[in-house]
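>>> just coords:
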Ligand code: KG4
Ligand code: ZN
C-alpha cells in the first residue's frame, strides 16, 4: 500500500510517498525561507501563493524520486488543520482532486496528530499509550497518546507556544524568523546561570505552560544591555533562556507523571520543531531515567513539518477506516481531543 502525503499548513511545502512497510520512497520539501524572511515572520497570503506555485512540481518530483506513477498511489492524504487556512486549502484540494479523479481514498489529516504519531514511524517498538511533548511554533502540549485518534490533553500553553517564544527571543537578538536553532547554537558557548529568568507557572499544580512572562523578562534584559551587547552576552542570554525552558518542561513532566501513575505509560516521546533541541531532549531523558521509562524522539528532520508525517498519519487513519468525505473543509483550529468524537 502506497500513500502520498501533502503538508502545506504553514511555511513548508512538503510531499512524501511512503509504503505501509515503513519505507520512504520519496521526501520532498521546500522551506519558504526566502519568501518570508524579509518580513520577519510568515505572511499567510504569501505562504498560500508559494504553496500553489510549488505543490505540483513537488508531487511530480516525488513520483520521479519514488519511480512510480500517480496511478500507483493507493491513498492520498493532506494536512487539513490546524494551520493557516490559505495553505491548507491548497494541499487539501489537490489531495482531494487527485483522490477523486483516480477513485482512491482521501484522508484529511490533523497536523498535530501527524506530529504525535511521527515517532512511531521510525520506532516500531513504540506502543500506546505514551506521554507526548508536542512543542512547535504554534503549540505546546503534554498529551497521553492512547491510540490513533485518541488523545488526552494534560496541559497546554495559556499564552505563547514554546517555539513562538524561542522565535521571539531569537528576533530580539537579531536572528531571522524561526530562530530557535540559533538560540540552541549560541547557548552552547553560554553560561546557563548568567541570567536568572523567571520560570512562569512552575509552582502551579497543573501541567499548563506560560511563556509570555519569560519572553518579556528576556526583552527587558536585552533592552537594559542595549549597545553593550556582545556575542558572549548573547550566548549567556541564550543559555539562561534555554535553561529556564528546560526547567519549566521538567517540572511539568514531573507533574504529568504523577498524574498518570497506573496508566501503564512506558515511553516519553517528543515531537514538533522544538523537540529538535538537544537540551530539551536531555531534560526528558533525565526525567525518563528517574522514572524507569524510555524516551523516543522523532528524527530531528522529522520533528519539524514534513510530508512523511502526513502520509504516515493518513495511512494509520486509513487502517482504522477513517476515510474522509470530499466535503471536508480546512480547519485552522482543530484540537486533537476532538478527533475521538468525530
Ligand atoms: O513543528 P514546526 O516545524 O512547525 C510548526 O508546526 O510550528 O516547528 C517550528 C518551531 C519554530 O518555532 C522553531 O524556532 C522551532 O520549532 N525550533 C527549535 C529548534 N529548531 C526548530 N526550537 C528550539 N531549538 C531548536 N533547535
Ligand atoms: Zn507542525
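Arrived safely, thanks for sending. Quick caveat, the model's predicted, so the values are computed rather than measured. Ligands and ions are numbered 1, 2, ... in the order given.

>>> can you pull the contacts of the most centrally placed residue in the chain?
Centroid-nearest residue in the chain: residue 272, 2.4 Å away (criterion: CA atoms, centre = their mean). Contact criterion CB atoms under 8 Å, 6 or more residues apart in numbering gives 115, 133-136, 139, 163, 303-304 as the residues in contact with residue 272. To be clear about C-beta, it is placed using only N, CA and C from the backbone, and glycine gets the same treatment.

>>> Apart from its neighbours in sequence, what residue is nearest it?
residue 136 (3.5 Å; CB to CB, 6 or more residues apart in numbering).

>>> tell me the domain ranges of the chain?
Under automatic domain parsing, the residue ranges defining each domain of the chain are 2-116+305-341, 124-301.

>>> In CSV: these, plus mean pLDDT.
Shown next, in CSV, are the domains of the chain (pLDDT from 0 to 100):
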stretch, mean pLDDT
domain 2-116+305-341, 96
domain 124-301, 96
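
>>> if I read this right, residue 194 contacts residue 234, doesn't it?
No. Contact between residue 194 and residue 234 fails when scored by CB atoms under 8 Å: they sit 10.7 Å apart.

>>> Which one's more surrounded, these two?
Legend: neighbour count by other CB atoms under 10 Å for residue 194 and residue 234, higher for residue 234 (21 against 17).

>>> ok, the more buried one - contacts?
173, 186, 190.

>>> picking that back up, out of the contacts of residue 272, who's nearest residue 148?
Checking those against residue 148 by CB to CB gives residue 115 as the nearest, at 13.4 Å.

>>> pretty sure that closest one is in contact with residue 136, am I right?
Yes. In this structure, residue 115 is within contact of residue 136 by CB under 8 Å, at 6.7 Å.

>>> So between the two, which is more surrounded?
residue 115 (30 against 24).

>>> so which helix or strand takes in the more buried one?
helix 111-122 (DSSP states H and E).

>>> packing partners for that helix?
Packing partners of helix 111-122 (3 or more CB pairs under 8 Å, 6 or more residues apart in numbering; DSSP states H and E): strand 75-81, strand 130-135, strand 140-147, strand 267-271, helix 300-303, helix 307-319.

>>> redo that, cut-off 6 Å
strand 267-271, helix 307-319 (3 or more CB pairs under 6 Å, 6 or more residues apart in numbering; DSSP states H and E).

>>> Name every strand pairing with the first one and say which way it goes.
I take that to be strand 267-271. The strands beside strand 267-271 in its sheet (DSSP bridges) come out as strand 130-135 (parallel), strand 294-297 (parallel).

>>> can you list the ones you listed in TSV and add mean neighbour count?
Shown next, in TSV, are the strands paired with strand 267-271 (neighbours: other CB atoms under 10 Å):
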stretch	mean neighbour count
strand 130-135	27
strand 294-297	20
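
>>> Just send these back as a markdown table, with distance to ligand 1 too.
A markdown table is the format used below for the strands paired with strand 267-271 (distance: least, CB to the nearest ligand atom, whole Å):
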| stretch | distance to ligand 1 |
| --- | --- |
| strand 130-135 | 7 |
| strand 294-297 | 12 |
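
>>> Adding distance to residue 218 as columns, could you present the ones you listed in CSV?
Below are these laid out as CSV (distance: least, CB to CB, whole Å):
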stretch, distance to residue 218
strand 130-135, 18
strand 294-297, 26
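
>>> Just put those in JSON lines and tack on distance to ligand 2.
As requested, the strands paired with strand 267-271 are exported to JSON lines (distance: least, CB to the ion, whole Å):
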{"stretch": "strand 130-135", "distance to ligand 2": "9"}
{"stretch": "strand 294-297", "distance to ligand 2": "15"}
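
>>> closest to residue 8 out of the ones you listed?
Short answer: strand 130-135, nearest of these by CB to CB, at 19.5 Å.

>>> what is the orientation angle of that closest one with helix 111-122?
Between strand 130-135 and helix 111-122, the angle comes out at 120 degrees (axes from the mean of the first three to the mean of the last three CA atoms, to 10 degrees).

>>> Now do strand 130-135: distance to the chain's middle.
10 Å (CA atoms, centre = their mean, to the nearest Å).

>>> Quick check: residues of the protein near ligand 2?
Residues of the chain found near ligand 2 (CB under 5 Å from the ion) are 136, 305.

>>> Run the angle between the longest helix seen in the chain and strand 267-271 for me.
Assignment by DSSP state H gives helix 231-259 as the longest helix of the chain. Orientation of helix 231-259 against strand 267-271 (the same axes, to 10 degrees) gives an angle of 140 degrees.

>>> and residue 200, what is it in contact with?
210, 213-214 (CB atoms under 6 Å, 6 or more residues apart in numbering).

>>> Which one (most neighbours) among those?
Top of the contacts of residue 200 by neighbour count (other CB under 10 Å): residue 214, with 23 neighbours.

>>> now the nearest residue to residue 20 once chain neighbours are set aside: how far from residue 228?
In space, and not counting its chain neighbours, residue 20 is closest to residue 1: 4.2 Å by CB to CB, 6+ apart. Residue 1 sits 60 Å away from residue 228 when distances are taken as CB to CB, to the nearest Å.

>>> Select, from the contacts of residue 272, the two members most distant in space.
Maximum distance among the contacts of residue 272 (CB to CB): 14.7 Å, for 133 and 304.

>>> doesn't residue 186 make contact with residue 238?
Yes. Contact status for residue 238 versus residue 186: in contact at 4.1 Å, counting by CB atoms under 6 Å.

>>> That'll do, ta.
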